[in-house]
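[1] fold the stuff below for me.
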Amino acid sequence: LKLQFLYFIGSMNVLRRHATAFTKYRWTVRLCHTISKDVMNSVVKVYATVCAPNYLIPWSKKIQQSSTGSGFVIDRKRRLLMTNAHVILDSVLVEVRKEGSGDKYVAKVVYTGVECDMALLTVHDNEFWEGLTGLDLYTHHKSLSDTKKPDVRDVVEAIKSFDGVPDIQESVRVVGYPVGGDQVSVTSGVVSRVDTQPYVICVHTHLIAIQIDAAINAGNSGGPAVSNDKVIGVSFQSLTHADNISYIIPVPVIAHFLRQYYALHGKRQRKQAARDPSCLPTYTDRSYHPGFCSFGCYVQDPLNEHLRKYMGLSKKQTGILIKKVVAHAASEGVMRDNDVLLSIDGMQVANDGTVKFGSRRVRFDHVMHMKEYLSTSKVRVLRNKKEITLKMQSKVMPSLVLSHNCNPYMKQKPKYHTFGGLVFTPLTVPYLKEWGQDWYSLAPTHLLQLTLTGRPAKDLCEVVVLAQMLPHQVNQGYQSGDFVHHVVESLNDKKVQSLRHLTQMLADLPNDGYARFEMKAFGTHQSIILRVGEARAANREVLDVFSIPKISFL
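    Below is the predicted model of the structure:
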């Protein structure tokens with residue numbers, strides 16, 4: 001009986017210890033997952049009225065639509081709200097509503113970065129800002145963490161390429177206004193992975209993103225993902241055919257976006273003449289983020305032992321093989337074809353093309369993506385089996401096919417020129433998206449190939465396509481289906497460099513001459529020949545019949 005009693009007492013002590021530990025565990029979890037009232041109040045619902053351009057009929061607009069998203073106060077001092085670019089893209093009216101309020105306030109878009117899917121809004125009404133506080137960005141800098149409320153501008157200046165990224169399995173809460181209700185919603189999860197991912201809004205962009213298992217649904221876009229009341233990312237996309245795989249934009253990308261805005265904020269805006277995309281100094285524009293710097297080269301992972309020996313790599317050396325340097329890129333004139341990139345600013349590049357990122361690894365491109373425009377980097381390469389150190393200036397590589405219209409060249413409006421019922425326009429990704437959500441498989445193959453592999457050159461900075469052939473007596477006999485969406489290669493044996501170049505060449509032709517357009521698609525060539533005087537005379541009738549406001553918009 002004594003032994004049984006001692007066993008009973010011992011069992012009770014074990015249960016008591018387990019109960020105490022369980023109580024502490026529950027209390028710890030509750031503290032970890034509690035979001036402060038200030039954070040909840042700083043998240044707003046964004047209402048956007050969208051009227052997008054029709055790129056196939058570039059002088060017209062599509063049917064007006066309404067959408068909602070989320071946003072949050074990122075800089076209370078300068079009255080800035082942050083949201084996703086895809087929430088407010090092509091909007092004609094943006095409104096925001098605070099949590100617990102029944103009033104909507106008109107907001108203005110002040111800065112847009114499509115490549116990183118972020119945008120800044122401001123509200124001029126003083127009443128809106130009452131009771132709101134700016135959310136803090138997550139950072140590893142102890143000096144900033146010790147400061148009671150550091151200025152956002154100082155915080156983003158201190159954040160570098162690998163700062164502010166949470167550890168794997170760290171808890172995260174997603175705050176926003178998803179579909180299914182009108183009040184603020186909170187979902188929880190953990191950080192699953194940190195890796196380079198394609199940003200769906202921009203076909204050319206692959207930046208680091210944080211994968212989480214917290215639910216991100218339609219309407220969550222633009223809302224903050226927080227840990228311990230600090231922003232570790234911005235909700236922006238999720239996989240549609242998978243369970244609980246969502247992505248947030250990490251702090252280094254947010255900081256890069258904000259640094260560019262602060263660098264230009266308050267300065268006098270330069271007046272820039274309209275130029276072709278290949279020579280646009282977009283880094284000086286105050287309305288649009290210029291994009292991210294890149295090496296601008298095609299690479300190959302030297303994983304094969306024979307390849308490494310052939311290139312002269314020792315067992316201790318690792319790097320990535322440069323196969324082709326692209327024109328106008330940062331690496332042009334610095335690196336050469338068949339160089340082996342060994343390190344960037346002292347960070348060793350592995351044979352799989354990655355660099356160390358804390359306890360993880362990411363693609364080497366991330367180092368260049370986070371560089372400021374015209375900043376200097378030291379790269380170490382193996383050239384002809386000898387190691388050399390080179391200096392390289394960071395640049396944003398121009399695209400032959402623009403990914404979006406949020407830039408100083410297009411200013412969110414499609415460009416076009418009409419001539420004898422022919423409607424010419426630049427090839428852009430928004431043009432291809434007119435084929436629907438599956439545009440990457442439904443759009444014409446020759447246009448998709450130019451989008452993915454085309455690069456600007458001295459005599460080609462923009463691809464011009466025939467968007468429409470509006471029927472008129474002057475173009476009778478040319479079947480629209482045989483020419484529409486074809487690339488305009490030349491006019492009277494002169495290569496077409498851009499839409500503006502084509503427009504100027506047409507203006508210089510005499511009325512008694514001919515305009516001979518050479519068209520190309522799917523490897524086939526066809527010609528359209530029109531009498532210049534008759535085509536110009538037909539322009540007025542075409543404009544009246546199809547309600548086109550003017551001959552061209554450049």
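
[2] surely residue 411 meets residue 553?
    No. Using C-beta atoms under 8 Å, residue 411 is not in contact with residue 553; the gap is 10.5 Å. C-beta: built from backbone N, CA, C; applies to glycine.

[3] who has more neighbours, those two?
    Shown here are residue 411 and residue 553; by other C-beta atoms under 10 Å, residue 553 has more neighbours (16 against 13).

[4] hang on, the more buried one packs against residue 413?
    Yes. Using C-beta under 8 Å, residue 553 makes contact with residue 413 at a distance of 6.9 Å.

[5] all helices of the protein, in order?
    2-32, 37-41, 85-88, 142-146, 152-158, 251-264, 305-311, 365-369, 429-432, 439-442, 445-453, 480-483, 499-507, 532-545 (DSSP state H).

[6] quick one, what contacts residue 414?
    Residues near residue 414 by C-beta atoms under 8 Å, 6 or more residues apart in numbering: 53, 54, 55, 58, 405, 425, 426, 428, 430, 431, 553.

[7] picking that back up, just name the most buried of the helices of the chain.
    helix 85-88 (a mean of 25; mean count of other C-beta atoms under 10 Å).

[8] using CSV, list the CA coordinates for it.
    The C-alpha trace of helix 85-88 is given here as CSV (Å, rounded to 0.1, in the frame of the first residue of the first chain):
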residue,chain,number,x,y,z
ALA,A,85,0.3,47.5,-57.7
HIS,A,86,-2.1,45.0,-59.2
VAL,A,87,-4.8,46.3,-56.8
ILE,A,88,-4.7,49.9,-58.2
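
[9] which helices and strands sit right next to it?
    Contact here means 3 or more C-beta pairs under 8 Å, 6 or more residues apart in numbering; DSSP states H and E; on that basis helix 85-88 packs against strand 43-50, strand 65-75, strand 105-113, strand 118-122.

[10] of those, which is nearest residue 211?
    For residue 211, the closest of the helices and strands packed on helix 85-88 is strand 118-122, at 18.3 Å, according to C-beta to C-beta.

[11] I'd like the mean pLDDT over that closest one, please.
    Mean per-residue pLDDT for strand 118-122: 95.

[12] identify all contacting residues around it.
    Contacts for strand 118-122 (C-beta under 8 Å, 6+ apart): 46, 71, 74, 79-85, 87-88, 94, 96, 107-113, 234, 249, 253-254, 257, 261, 289.

[13] from these, which would you call buried?
    46, 71, 74, 79-85, 87-88, 94, 96, 107, 109-113, 234, 249, 253-254, 257, 261, 289 (16 or more other C-beta atoms under 10 Å).

[14] next, count neighbours for residue 50.
    18.

[15] isn't it right up against residue 66?
    Yes. Here residue 50 lies in contact with residue 66, judged by C-beta under 8 Å, at a distance of 7.2 Å.

[16] what about the longest strand in the protein?
    strand 185-198 (DSSP state E).

[17] just the CA coordinates of it, formatted as PDB?
    C-alpha atoms of strand 185-198 as PDB (Å, rounded to 0.1, in the frame of the first residue of the first chain):
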ATOM      1  CA  SER A 185      -9.600  39.300 -41.200                       C
ATOM      2  CA  VAL A 186      -6.500  37.600 -39.600                       C
ATOM      3  CA  THR A 187      -5.100  34.200 -40.700                       C
ATOM      4  CA  SER A 188      -2.000  32.500 -39.100                       C
ATOM      5  CA  GLY A 189       0.700  30.300 -40.300                       C
ATOM      6  CA  VAL A 190       4.500  29.900 -40.400                       C
ATOM      7  CA  VAL A 191       7.300  30.800 -42.800                       C
ATOM      8  CA  SER A 192       7.800  27.800 -45.000                       C
ATOM      9  CA  ARG A 193      10.500  28.800 -47.500                       C
ATOM     10  CA  VAL A 194      12.500  31.700 -48.800                       C
ATOM     11  CA  ASP A 195      13.400  31.500 -52.500                       C
ATOM     12  CA  THR A 196      13.500  33.300 -55.800                       C
ATOM     13  CA  GLN A 197      10.000  33.300 -57.300                       C
ATOM     14  CA  PRO A 198       8.300  34.800 -60.500                       C
END
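
[18] for it, name the packing helices and strands.
    Using 3+ C-beta pairs under 8 Å, 6+ apart: strand 185-198 touches strand 171-176, strand 206-212, strand 246-250, strand 360-363.

[19] so how many other residues sit close to the residue nearest to residue 506 when sequence neighbours are not counted?
    Spatial nearest neighbour of residue 506, chain neighbours left out: residue 419 (5.7 Å); criterion: C-beta to C-beta, 6 or more residues apart in numbering. By other C-beta under 10 Å, the residues close to residue 419 number 27.

[20] need the contact list for residue 419.
    Contacts of residue 419 (C-beta under 8 Å, 6+ apart): 506, 515, 530, 535, 536, 539, 551.

[21] can you do 10 Å?
    By C-beta atoms under 10 Å, 6 or more residues apart in numbering, residue 419 lies in contact with 474-475, 491, 502-503, 506-507, 509, 515, 517, 528, 530, 532, 535-536, 538-539, 542, 551-552.

[22] low-scoring stretches of the stretch 201-350 of the chain, by residue?
    Along the stretch 201-350 of the chain, segments meeting pLDDT under 70 span 266-285.

[23] ok, now with 50
    For the stretch 201-350 of the chain, the stretches with pLDDT under 50 are 268-282.

[24] please apply the same query to the stretch 51-200 of the chain.
    Those would be none, if you go by pLDDT under 50 across the stretch 51-200 of the chain.

[25] what's the end-to-end length of stretch 95-115?
    End-to-end span of stretch 95-115 (C-alpha to C-alpha, to the nearest Å): 23 Å.

[26] check the offset of it from the chain's centre.
    20 Å (C-alpha atoms, centre = their mean, to the nearest Å).

[27] surely residue 454 touches residue 400?
    Yes. Using C-beta atoms under 10 Å, residue 454 is in contact with residue 400, at 3.8 Å.

[28] neighbour count for those two, which is higher?
    Set residue 454 next to residue 400 and count neighbours by other C-beta under 10 Å: residue 400 wins out with 18 against 15.

[29] OK, contacts around the residue nearest in space to the middle of the chain?
    With distances taken as C-alpha atoms, centre = their mean, the residue of the chain nearest its centroid is residue 115 (1.6 Å). Listed by C-beta under 10 Å, 6+ apart, the contact set of residue 115 reads 85, 199, 201-202, 204-205, 207, 253, 257, 288-292, 369, 396, 403-404, 406.
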